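# The following comprises the amino acid sequence and a computationally predicted model.
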Amino acid sequence: MAQPIKNFKSIYRRAKKEGLRLKAHVGEWGSAEDVRRAVEELELHEVQHGISAIHDENGNPILISTFLYELDKAQFNPSNNIKRYLKTSIYTYAGAYRELLISLPDDIAAIGKLVCDQITHPPMYFTEPSAYLEDTYYGKFASYPSHRFKNEDELYITAVSMIAGIFYLDEEGFGENKDVTKRLTVSCRQASILFSAILKAKGIPCRSRAGFMDFDNDGDSYVEHWVIEYWDFGENRWVLADVDGYYEYEERFGYSQFDLPRHKFIIASEAWLGLRRHTLHKNLDIYPTNLLEGVCEYLLMDFQALMNNEIFYSYQPMYLRSGIQALSENELCELDYLAELLEDPDGNIERIEHIWNTKDEWFVLMNNTQYIYQDAFGESCTSEGK
């Protein structure tokens with residue numbers, strides 16, 4: 001009866017993916033032992049047991065024990081898994097600002113626009129000013145105070161620090177159409193953190209994603225970037241949104257930056273596997289000279305973000321300090337496996353969590369400023385030395 005069990009598993013996989021209800025009878029799917037093994041493996045639960053009778057060719061009754069198993073729709077509905085993304089991290093925790101965030105507008109686009117209005121992206125101060133952007137949104141970039149950093153990412157790593165910074169620059173707090181003197185100068189990761197903090201405070205599950213964005217909408221080049229996925233309860237799906245700047249996709253491309261089509265964004269796992277398998281036919285614009293190493297950093301940031309730990313971009317595992325060329329093929333294959341899981345984080349959440357709880361070398365994080373202690377004290381400052 002191996003073939004029916006194989007078919008049973010195939011139907012199960014589809015049911016799990018689509019959130020359907022699945023029932024199976026022993027008589028339809030093989031012997032009692034076959035079904036018992038499948039039930040244990042697939043974690044179905046018994047909902048009914050009955051006795052039925054059929055007759056042989058001579059008309060004699062044959063009693064058959066029939067078990068009814070069910071894959072409850074709620075068991076694998078993605079909305080069950082999204083509850084984890086209501087939880088906050090040290091980065092998205094709102095603390096004493098929670099009631100303030102709850103009082104902000106409830107509409108996703110309005111929240112997104114409000115976040116955009118609090119932020120100026122650092123590259124704007126290192127490139128030729130755009131008269132259109134100055135007149136429409138920011139005011140004159142030349143008015144930005146010379147004593148302030150032109151990249152304040154390291155000042156505002158958490159949502160709480162960003163909210164405090166917003167009030168420090170403007171005692172009115174969150175406001176619309178601010179000029180550059182009253183905006184935080186932070187990049188995409190920080191924008192996603194602030195947006196997440198607001199959504200989570202309002203009871204909207206969301207998660208940051210690290211990967212690569214097609215800003216020109218032509219598919220020619222993808223730039224390293226962080227975005228947000230928030231859960232739309234009405235449509236029962238994750239929605240891709242970006243709050244790092246004014247894209248005006250509604251007018252230019254026919255869709256909103258708060259509901260982006262999936263082709264706009266390459267998740268880090270897709271980029272990693274594409275490079276490793278030589279199947280990625282898209283240009284990635286990445287800061288590190290070693291393309292695979294740059295993608296590896298985003299792969300691990302995306303992994304951490306999916307575990308509600310949206311690490312700062314300079315925080316990377318210590319074991320990568322010597323560069324990706326120092327990794328063995330076995331270590332690269334482990335990253336391949338992680339990338340495969342991250343392509344479907346909801347379906348693979350248990351295995352991803354297992355890695356999160358056991359793969360220590362991916363969690364001994366360092367940043368560039370901490371390297372001086374490693375250099376000075378060596379093994380004494382590692383987790384084992386402590």
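Good, I have the coordinates. Numbering: from 1, shown residues only.
# just for the stretch 201-350 of the chain, where's the confidence low?
Applying pLDDT under 70 to the stretch 201-350 of the chain flags the ranges 288.
# What segments of it are strands?
For the stretch 201-350 of the chain, the strands defined by DSSP state E, counting those that start in this stretch occupy 206-213, 221-232, 237-241, 265-267, 283-285, 316-317.
# any idea which of those is most buried?
strand 206-213 (a mean of 25; mean count of other CB atoms under 10 Å). C-beta coordinates here come from the backbone N, C-alpha and C atoms, glycine included.
# ok, that one: who's next to it in the sheet?
Note on strand 206-213: by DSSP bridges, its sheet partners are strand 221-232 (antiparallel), strand 265-267 (antiparallel).
# Residue 324 is nearest to which of those?
Closest approach to residue 324 among those (CB to CB): strand 221-232, 15.8 Å.
# So for residue 180, which of the strands of the stretch 201-350 of the chain sits nearest?
Among those, strand 221-232 sits nearest to residue 180 (CB to CB), with 21.6 Å.
# the inter-axis angle of the closest one versus strand 237-241?
140 degrees (axes from the mean of the first three to the mean of the last three CA atoms, to 10 degrees).
# Verify the contact between residue 119 and residue 188 for me.
No. At 9.5 Å, residue 119 does not count as touching residue 188 under the criterion of CB atoms under 8 Å.
# what residues do the two have in common as contacts?
Counting by CB atoms under 8 Å, 6 or more residues apart in numbering, the residues touching both residue 119 and residue 188 are residue 244.
# Same list (the strands of the stretch 201-350 of the chain) but as TSV, adding distance to residue 365.
Formatted as TSV, these follow (distance: least, CB to CB, whole Å):
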stretch	distance to residue 365
strand 206-213	15
strand 221-232	17
strand 237-241	27
strand 265-267	21
strand 283-285	24
strand 316-317	6
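# Relative to residue 336, which of the ones you listed is closest?
Here strand 265-267 is closest among those (CB to CB), at 14.7 Å.
# Need the mean per-residue confidence for whichever strand or helix holds residue 132.
Here residue 132, judged by DSSP states H and E, is contained in helix 131-133. Averaged across helix 131-133, pLDDT comes to 91.
# what sits up against it?
Helix 131-133 has contacts (CB under 8 Å, 6+ apart) with 124, 246.
# One more: stretch 237-256?
Contacts for stretch 237-256 (CB under 8 Å, 6+ apart): 78, 108-109, 112, 115-116, 119, 121, 133, 136-137, 187-188, 191-192, 194-195, 209, 213, 215, 217, 225-232, 257-262, 264-265.
# Stretch 325-335 too?
When contacts are defined by CB under 8 Å, 6+ apart, stretch 325-335 is touched by residues 272, 276, 290, 296, 299, 320, 359.
# same thing but 7 Å
272, 296, 299 (CB atoms under 7 Å, 6 or more residues apart in numbering).
# and the first one, how far is that from residue 289?
Read it as residue 272. The gap separating residue 272 from residue 289 is 17 Å, by CB to CB, to the nearest Å.
# count of residues packed around residue 349?
Residues contacting residue 349 under the criterion other CB atoms under 10 Å number 17.
# is it true that it touches residue 81?
Yes. The pair residue 349 and residue 81 passes the contact test of CB atoms under 7 Å, sitting 5.8 Å apart.
# counting contacts, what elements does the next helix-or-strand element following the helix holding residue 132 pack onto?
Remark: after helix 131-133, the chain's next helix or strand is helix 159-169, criterion DSSP H and E. On a contact count with 3 or more CB pairs under 7 Å, 6 or more residues apart in numbering; DSSP states H and E, helix 159-169 meets strand 184-185, helix 188-201.
# quick check: mean pLDDT across helix 159-169?
Across helix 159-169, the average pLDDT comes to 98.
# Would you mark the buried spots in that helix?
By 16 or more other CB atoms under 10 Å, the buried positions in helix 159-169 come out as 159, 160, 161, 162, 163, 165, 166, 169.
# Residue 367: which of these is nearest?
Using CB to CB, these come closest to residue 367 at residue 161, 16.1 Å.
# what sits against that closest one?
Neighbours of residue 161 in contact, by CB under 7 Å, 6+ apart: residue 155.
# if I look at the residue nearest the centre of the chain, how far off is residue 342?
Centroid check for the chain by CA atoms, centre = their mean gives residue 209 as the closest residue, at 3.5 Å. Distance from residue 209 to residue 342, counting by CB to CB: 10 Å.
# List the residues that are in contact with both of these two.
Common neighbours of residue 209 and residue 342 (CB under 7 Å, 6+ apart) are residue 302.
# quick one: low-confidence ranges for the stretch 51-200 of the chain?
Looking along the stretch 51-200 of the chain with the criterion set at pLDDT under 70, you get 51-57, 61-80.
# for the residue lying farthest from the centre of the chain, helix, strand, or coil?
What lies farthest from the middle of the chain is residue 58; by CA atoms, centre = their mean that is 63.0 Å. Under DSSP: H, G, I helix; E, B strand; the rest coil, the three-state class of residue 58 is coil.
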